[in-house]
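In: based on what follows, work out the 3D shape:
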Amino acid sequence: MVLKPLRLGDFFVEHLSGFEHNFEKLVRPDILDGRAARAKHVHSVAANIAAQKCAPWAKNDNGSHIGASSRNTTAAQQKRAAWEPAVASLVLIPYYGGPPEAFGNAHSTSPRATKLLQTKGVICAAAALFRRVKVGVCTDGPGAVSDADDIRSLDFPFVELVAVRCGHGVRLPFVFLREAQVRMVRARALRRDASSLPHASTSAASWDVDVVFFTEADQVFST
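Out: This next block holds a predicted model:
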């Protein structure tokens, strides 16, 4: 299903790698200073968006989450209550911080640190509008361990890490989506089999949803 607002300004998606490629056209890539300036600017945009979207989940000096005491958190909760469907919803975000293929998928040339900031902004924007957030990472292939560690380093209590075998991170979106479909079917079957519900794990039950928003790790949902 394609999301379409009733009013044009209801919501929009900021595609950060799209910004990266558009900015790339303005800078000659064969000039060293130009490449450095481009990378710095793209990283700055990602950092600003992450800071803005993740303000509700900022931490105190002692490292604890500010939580409900933050006015930003209250605003995020109000926004979610107004936007979220009156059904169980789930956001799926595949994360791959490694380099692109020579041809085809994962075409962003940004370094891992920039990609993580982009993903951080995507996660926080999703958490403000939907109940559950699951981030998929590849368990094999180049950079697999780093990808999982990246997401854990964000230390978001509302994010569940889902590890899948995909051979290479560039194939993660397709494999993760298929894995999600399988788990959702199983969770729905558990719901139908009432005798299984008391024995179902919390993780298995968390896949029993009515609405799924599958997005990329560089597409920030904004209202």
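
In: now do the buried residues in the host helix or strand of A187.
Out: Taking DSSP states H and E as the definition, A187 sits inside helix 172-192. Across helix 172-192, burial judged by 16 or more other CB atoms under 10 Å covers L172, P173, V175, F176, E179, A180, R183, M184, A187, L190. Glycine gets a C-beta too; all of them are placed from N, C-alpha and C.

In: and the contacts of the helix or strand following it?
Out: With elements assigned by DSSP H and E, the helix or strand that comes after helix 172-192 is helix 202-205. Identification of contacts with helix 202-205 by CB atoms under 8 Å, 6 or more residues apart in numbering yields E160, R183, R186, A187, L190, L197.

In: likewise stretch 13-24?
Out: So stretch 13-24 is contacted by 38, 41-42, 45-46, 49, 107-110, 118, 121, 215-216, 218-222 (CB under 8 Å, 6+ apart).

In: now do it, average pLDDT.
Out: The pLDDT scores in stretch 13-24 average 79.

In: next: stretch 123-140.
Out: 90.

In: make JSON lines out of the contacts of helix 202-205 and add pLDDT and distance to R132.
Out: As requested, the contacts of helix 202-205 are exported to JSON lines (pLDDT from 0 to 100; distance: CB to CB, whole Å):
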{"residue": "E160", "pLDDT": "94", "distance to R132": "7"}
{"residue": "R183", "pLDDT": "93", "distance to R132": "12"}
{"residue": "R186", "pLDDT": "89", "distance to R132": "16"}
{"residue": "A187", "pLDDT": "88", "distance to R132": "12"}
{"residue": "L190", "pLDDT": "80", "distance to R132": "16"}
{"residue": "L197", "pLDDT": "53", "distance to R132": "18"}
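
In: list only buried entries from the contacts of stretch 13-24.
Out: 38, 42, 45-46, 49, 108-110, 118, 121, 215-216, 218-221.

In: filter the residues you listed down to the ones in strands?
Out: Secondary structure from DSSP state E places Q219, V220, F221 of the buried ones among the contacts of stretch 13-24 in strands.

In: report the beta-bridge partner residues of the last one.
Out: Bridge pairing for F221 (DSSP bridges) gives the partners V13.

In: tell me the pLDDT at it?
Out: F221 is given a pLDDT of 85.

In: swap in D61?
Out: Per the predicted model, pLDDT is 60 at D61.

In: for the chain, which spans come out with low pLDDT?
Out: 1-5, 8-9, 24-34, 59-87, 101-107, 194-202 (pLDDT under 70).
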